[in-house]
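Undergrad: please find the sequence and the predicted model below.
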Amino acid sequence: MKALILIVLVGFASSAMSQIENEPEDSLKDYYGAEVVIHDKDYMNTYNRLKRIIVKVYPYALYAADVIDEIDSNAEGIARRRKKNAFYRAEYKDLKEDFKYFLLDLYTTEGEMLMKLIHLETGMTVYEISSKYQSKQKADIFSLMAKMWDQDLGAKFDPAVRNDKIAQEVLTDIQNGLIPFDNEVVTIDKLTYKTKQKEQREWKRKNQKANKEYEKKRKDRIKEQDKKERQKEKSIR
């Protein structure tokens, strides 16, 4: 992966080297290298966190953009508005089915980034896409439901915002081949989603049980240590 801390590499041609050797010892020359961009630890932590998210969800933003382009292209041949709307609804339903269980499987931050990347690639927010290809009424309902899970269907990619600016750096590095990236879209069916949810619940249950057992042992150790300290104090007296 491309390191964001750039190191100046100063190279001298053999002819330039010979010229320097012939200069008086007290002669000074100016040499310029590439611009050095230094990022602090907080920036790098954000970059690496966003990189993990973007590598996961960016293929789906690209896929959505391709599908929407295809829908619009196919809809151009439909003259009647009613038939075109019916076509839009049918195609949008298929697109939504492709994404449904993948979206349900995302963390909040991953879902937010996906919606921003869809806006970046299509020029439309998820709310606008839903309004255009389904109906404004349903888009309003979906938007209200999304807010219950701290999601905003109207989310836009804005490079003026710090995190989006860093995300743009990640995208640039992907496009330049500096970050390994596979744009393959793997859809998740209902059975796979249910299985993963069951595994996550089981892992959470075991983890909670292990934490409780550890906490109990920790308290028992502290209690035993306190007991020994009291006994030691009594023996001294």
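TA: In hand now; what should we look at?
Undergrad: in what helix or strand does K93 lie?
TA: Assessed by DSSP states H and E, K93 sits inside helix 81-104.
Undergrad: and L153, by the same measure?
TA: Per DSSP H and E, there is no helix or strand for L153.
Undergrad: compute the number of surrounding residues for the closest residue to it other than its chain neighbours.
TA: Computed as Cβ to Cβ, 6 or more residues apart in numbering, the closest residue to L153 that is not its neighbour in sequence is Y127, at 3.9 Å. C-betas here are computed from N, CA, C, even on glycine. When neighbours are counted by other Cβ atoms under 10 Å, Y127 registers 20.
Undergrad: what do you get for I174?
TA: There are 18 residues near I174, going by other Cβ under 10 Å.
Undergrad: so it: helix, strand or coil?
TA: Following DSSP: H, G, I helix; E, B strand; the rest coil, the label given to I174 is helix.
Undergrad: if we can go back for a sec, is it true that the residue nearest to L153 touches Q151?
TA: No. Counting by Cβ atoms under 8 Å, Y127 does not reach Q151; the two are 10.6 Å apart.
Undergrad: D152 against T108, yeah?
TA: No. Counting by Cβ under 8 Å, D152 does not reach T108; the two are 10.7 Å apart.
Undergrad: compare neighbour counts for the two and give me the winner.
TA: Ranked by neighbour count (other Cβ under 10 Å), D152 and T108 place D152 first, with 16 against 10.
Undergrad: for that one, grab phi and psi.
TA: Per-residue torsions, D152: phi -120, psi 110 (degrees, to the nearest 10).
Undergrad: what separation do you get for it and M115?
TA: 7 Å (Cβ to Cβ, to the nearest Å).
Undergrad: ditto for E76
TA: Counting by Cβ to Cβ - E76 and M115 are separated by 27 Å.
Undergrad: quick one: which of the two has more around it?
TA: Set E76 next to M115 and count neighbours by other Cβ under 10 Å: M115 wins out with 26 against 8.
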